[in-house]
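[1] Give me coordinates for this.
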Amino acid sequence: MNEALKNTLLRAVHAGAKQLRKYFDGTFEIRSKDTINNLVTEVDQKSEEAIIDVIRSEYPEHFILSEEIGELSTESSYKWIIDPIDGTVNFAHGIPICCVSIGLEKDGQLIMGVVFNPLMNELFFAERGKGAFLNNKPIRVSDNGSVERACLVTGFPYRWVDVAADPIKVFERFIRMGLPVRRLGSAAIDLCWVAAGRFDGFWEYNLNPWDLAAGYLIIEEAGGIVTNFKGEPYSVYDKQTLATNNQIHAEMLKVINGEIDV
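    Got it, this is the predicted structure:
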């Protein structure tokens, strides 16, 4: 069963990626969603349709949660969590840091995930208990054990979030420590690059399940850890995300929560 699911997952992500390749740096319709810079393009919708067509052709009874269409709810124990383009703003501006992300849950537990940036030809894949891979080669998180030597990545919400751990204040704490902090514009790629050891840690507020589902499993299978800002066990339905190589996790939690003076 898992091999059949994996084949469908990979066919689906390639179907979505085909649309990204076709339209990237071209002309397409763009509109705003809830805020002016929270964009959706017709390519998001074309990618989503292509992905869902593949899944529905093999598993018409499965539950689907996708960014643009919302829930296609069923009683199935399987749920496909789809982001047809993660990094839509990048895509709309011709910046090739964007991807298709698909996670697969069974009975509420993620069992597979794939993130594919066809513009960089990087396909990240994980299956629970079987490790994480980039273009079929095993990947592991970094072995850096100190935040002061870390390279970090983050993102900011389009709609401001009134939370105790204010996004700008937390960002300021890390940069006051003299750390390199990047902002790529795609949470799914951020997570995968932590899994691949390119970054040591990632944090962000107010993300959605489709941003996180695949990357979360890829991080865990690469030896990393993901929690909320209290250090509690993680759910992709949480609104606080901290993902690290595990070794700097406790220290990053202290910085995020203002427990370390900088």
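[2] Can you tell me the centre-most residue of this protein?
    Closest to where the C-alpha atoms of the chain average out (Cα atoms, centre = their mean) is A188, at 2.2 Å.
[3] Only C-alpha atoms, please: export the host helix or strand of that residue in CSV.
    Element membership for A188, per DSSP states H and E: helix 187-195. Written as CSV, here are the backbone C-alpha positions of helix 187-195 (Å, rounded to 0.1, in the frame of the first residue of the first chain):
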residue,chain,number,x,y,z
ALA,A,187,8.4,28.0,4.7
ALA,A,188,8.4,24.5,3.1
ILE,A,189,11.9,25.2,1.6
ASP,A,190,13.1,26.7,4.9
LEU,A,191,12.2,23.4,6.6
CYS,A,192,13.9,21.3,4.0
TRP,A,193,17.0,23.4,4.1
VAL,A,194,17.2,22.8,7.9
ALA,A,195,16.7,19.1,7.2
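[4] From the rest of the structure, what touches that helix?
    83, 86-87, 97-99, 101, 115, 117, 122, 124, 126, 132, 134, 139, 141, 153-155, 184, 199-202, 204, 207, 211-212, 214-216, 218-219, 221-222, 224, 241, 243-245 (Cβ atoms under 8 Å, 6 or more residues apart in numbering). In this view, the C-beta of every residue, glycine as well, is placed from N, C-alpha and C.
[5] Next secondary structure after it?
    That would be, after helix 187-195 and using DSSP H and E, strand 201-205.
[6] hmm, back to that, in the helix holding A188, what counts as buried?
    Using 16 or more other Cβ atoms under 10 Å as the test for burial, helix 187-195 gives A187, A188, I189, D190, L191, C192, W193, V194, A195.
[7] now do stretch 172-185
    R173, F174, L179, V181, L184, G185.
[8] and what of stretch 20-35?
    Applying 16+ other Cβ under 10 Å to stretch 20-35 flags L20, Y23, F24, F28, I30 as buried.
[9] ok now it, how far from the chain's centre?
    Centre-to-centre, stretch 20-35 and its host chain are 19 Å apart (Cα atoms, centre = their mean, to the nearest Å).
[10] could you list every residue that touches L72?
    With Cβ under 8 Å, 6+ apart, L72 has these contacts: I52, F63, I64, L65, S66.
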